[in-house]
Structure formats: structure tokens, C-alpha cells
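# Take a look and give me a structure for this.
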Amino acid sequence: DDSLPRYTEVFGELAKRAADKGVKLAFENCDMGGTWESGDWNIAHNPTAWERMFNALPAENIGLQWEPTHQMVSLIDPIPQLRKWVGKIFNVHGKDATIAWDVVREYGIHGPKPFVWHRTPGFGDTNWTDVISILRQHGYEGSIDIEGWHDPVYRDDWEMTGQVHALNYLKNCRGGDFIPNPS
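Numbering: from 1, shown residues only. From the prediction side, this is the model:
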């Protein structure tokens, strides 16, 4: 709450300048290690923060650079939030996560074992067919930019194998190869 006046002051002016040039400003939905108590890096770390940001500065050209991973590591289901915020999503990162629910149930999220891993699309828990369908149903025409270099399995010598798999997987989730309408 303390950040909102400064956010409005700084980004209100930037949003006007950007709008004059037809440019959109997108905040990535990454917590960057921040919480409500210590949000030092990114104001757009949580759906409640988005609500406050967009209410404080209702500019059409301020939105989100969204990916499901950042919500999944907070145990937020990305699909309902995607449905709610799809009109404010300007770009999508193709990055996924795997949640080890057995670890969460046994040790919790602050226990001695990791409970979530960033993954390349096609190796995580996100239903990308649903993500793409929701985006398309609401007129999204932007890209899904595969964000690599995070997967604990498909890394080093396997990095490009994972990224090519992600590209092919996402193409399949959108319906396969693009076939133009012949009419």
C-alpha cells in the first residue's frame, strides 16, 4: 500500500508517454523473493497487488507479462487468475513448474525439501492447452516466449533439447501446425 502513490506518480507519467507512442508497459508477475512484508523488487508480485495497481492507475496500456510458473510457486492456480486478468495480459512467458504435492503434504512449503521446480513447458504441471484456449477466446494475439535456463532436468547439454521440445509441445497445445483458412 505504501508503494502505490509512488507507483502512480512514476508510472502514470510513463504510461502517458508510452501511450502517445502506441507502447504498452507490462510488469512481469514474478515475486522476485518479495512478499507483502518485503516487496522490495516487484510491485506486481501477486494478483491482489495487480488489483491495487490497476485501480490506482487505470491506464489501458499498463498490464502484465504473465507466466503460470510465478503463481504456481506460490501455490496459486494459474487458470482462474488467467481467466480474470486475460484482458491485462500483454505478453506470456512459456515457463512451467512442477509442484511436488507429496512433499507439500508431508513437509509443508517451509520444510527441508524443495516442493516446486521451474520447468520447461511440456515437463511441468500447467495445462497449456487451456492457457492457449483462454488467451485465444479473449483475443490474445501475442507470442508465448519460451523462457529457458531454469529446468533442473533439461539443462546444460540438454537445454536445447528441452527448448525444442517446449516449442513443439506448445505448437501441439495450440492445435498443431498452423493451417490457413483456404477461403
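
# Show me where this protein dips below the pLDDT cut-off.
For the chain, applying pLDDT under 70 flags the ranges 39.

# Please report how far the residue nearest the centre of it lies from residue 102.
Centrality entry for the chain: nearest residue to the mean C-alpha point is residue 67, 1.5 Å, by Cα atoms, centre = their mean. Separation of residue 67 from residue 102 (Cβ to Cβ, to the nearest Å): 24 Å. (Glycine included, C-beta is placed from N, CA and C.)

# swap in residue 144?
In this view, residue 144 and residue 102 are 30 Å apart by Cβ to Cβ.

# And these two? Which one has more around it.
residue 144 (22 against 10; other Cβ atoms under 10 Å).

# and the more buried one, what does it touch?
92, 93, 94, 132, 170 (Cβ atoms under 8 Å, 6 or more residues apart in numbering).

# correct me, but the third one touches residue 147?
It refers to residue 94. Yes: contact criterion Cβ atoms under 8 Å: residue 94 and residue 147 qualify, at 6.3 Å.

# Compare those two and say which is more crowded by neighbours.
Ranked by neighbour count (other Cβ under 10 Å), residue 94 and residue 147 place residue 94 first, with 24 against 18.

# In contact with the residue lying closest to residue 138 once chain neighbours are set aside: list those residues for me.
Once flanking residues are discounted, residue 138 sits nearest to residue 86: 4.3 Å by Cβ to Cβ, 6 or more residues apart in numbering. Counting by Cβ under 8 Å, 6+ apart, residue 86 touches 134, 135, 138, 140.

# List buried members of those residues by neighbour count.
The neighbour-count test (16 or more other Cβ atoms under 10 Å) marks 134, 135, 140 as buried among the contacts of residue 86.

# Between those, which sits nearest residue 46?
Residue 46 lies nearest to residue 134 out of those, by Cβ to Cβ, at 19.9 Å.

# can you tell me how far the closest residue to the closest one other than its chain neighbours sits from residue 148?
Closest residue in space to residue 134, ignoring its immediate chain neighbours: residue 82 at 5.3 Å, by Cβ to Cβ, 6+ apart. Residue 82 sits 22 Å away from residue 148 when distances are taken as Cβ to Cβ.

# Spell out the residue ranges of the strands in this structure.
Using DSSP state E, the strands of the chain run over residues 25-28, 62-66, 89-94, 96-99, 116-119, 144-146.

# For the ones you listed, could you give me JSON lines that also reports distance to residue 37?
JSON lines is the format used below for those (distance: least, Cβ to Cβ, whole Å):
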{"stretch": "strand 25-28", "distance to residue 37": "20"}
{"stretch": "strand 62-66", "distance to residue 37": "23"}
{"stretch": "strand 89-94", "distance to residue 37": "26"}
{"stretch": "strand 96-99", "distance to residue 37": "23"}
{"stretch": "strand 116-119", "distance to residue 37": "21"}
{"stretch": "strand 144-146", "distance to residue 37": "31"}
